[in-house]
Each structure stands twice: as C-alpha cells, then as structure tokens.
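[1] what follows is a predicted structure for the sequence shown.
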Amino acid sequence: MDKKNALRAGAIGAGTTLMMLLLSSPALALTRDDGDDPGSGLSVAETLGLYVLTPLAIFLVIAGLVVLGTRSGTKKNAESK
C-alpha cells in the first residue's frame with residue numbers, strides 16, 4: 001500500500017511540475033517594465049567565479065574550520081585520559 005501511495009504522489013508531483021513548465025510563458029520576459037535598467041552582462045570568468053569558485057571557497061573555509069575544531073577536541077580528550 002505504501003508503494004502505491006508513493007507512486008501516486010510522485011506522479012502527481014511530476015505532472016504538476018510538467019504542467020507548470022508548459023503553461024509558463026517565457027515570452028513575458030521579453031517585455032520591459034517601467035524603470036527597468038539592466039546593467040551589463042557578466043563574462044564567463046566572472047560568472048564562474050561568482051557561482052562556482054566563491055561557494056567552493058566558502059565551503060572549504062567552513063570545512064577547514066570544522067576539521068580544526070574536531071582535531072583540537074580530540075587532543076583535549078586524549079590528554080584528559
């Protein structure tokens with residue numbers, strides 16, 4: 001019974017997503033709004049730096065801080081025994 005409900009929920013979710021994608025009109029993005037003043041576009045290097053390298057660097061800094069925190073905690077536990 002659980003597989004049947006999961007299959008039904010998946011089918012409804014996929015169908016809803018498909019209908020939303022088919023019914024959304026990308027042509028509306030071509031009309032400009034009042035006061036719309038887009039800037040210049042980003043280059044490929046700027047895009048990669050902003051959306052790939054910056055999050056990767058933030059992840060590495062956080063991971064490094066976590067590793068440093070666990071190592072210092074391990075040394076304290078070993079000395080106290």
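    The structure has been received and is ready for your questions. Numbering: from 1, shown residues only.

[2] I'd like the next helix or strand past whichever strand or helix holds residue 3.
    Here residue 3 sits within helix 2-23, counting by DSSP states H and E. Once helix 2-23 ends, the next helix or strand along the chain (criterion: DSSP H and E) is helix 44-48.

[3] and the longest helix seen in the chain, how far out from the chain's middle?
    Counting by DSSP state H, the longest helix found in the chain is helix 54-80. Offset of helix 54-80 from its chain centre (C-alpha atoms, centre = their mean, to the nearest Å): 23 Å.

[4] low pLDDT regions in the protein?
    Scanning the chain for pLDDT under 70 picks out 1, 25-29, 73-81.

[5] 80 instead?
    1, 24-33, 35-36, 72-81 (pLDDT under 80).

[6] ok, back up a step: what helices or strands is the helix holding residue 3 leaning on?
    If you count contacts as 3 or more C-beta pairs under 8 Å, 6 or more residues apart in numbering; DSSP states H and E, helix 2-23 packs onto no helix or strand. The way it works is simple: take the backbone N, C-alpha and C, and place the C-beta from them, glycine included.

[7] secondary structure class for the closest residue to residue 42 other than its chain neighbours?
    Using C-beta to C-beta, 6 or more residues apart in numbering and skipping the chain neighbours, the partner closest in space to residue 42 is residue 50 (7.0 Å). Here residue 50 is recorded as helix under DSSP: H, G, I helix; E, B strand; the rest coil.

[8] residues near residue 50, how many?
    11 (other C-beta atoms under 10 Å).

[9] check the one 3 residues further on too.
    For residue 53, the count of nearby residues is 11 (other C-beta under 10 Å).

[10] and what of residue 49?
    13.

[11] and it, how far from residue 4?
    With distances taken as C-beta to C-beta, to the nearest Å, residue 49 is found 48 Å from residue 4.

[12] please apply the same query to residue 15.
    For residue 15, the distance to residue 4 - C-beta to C-beta - is 16 Å.

[13] many thanks, we can stop here.
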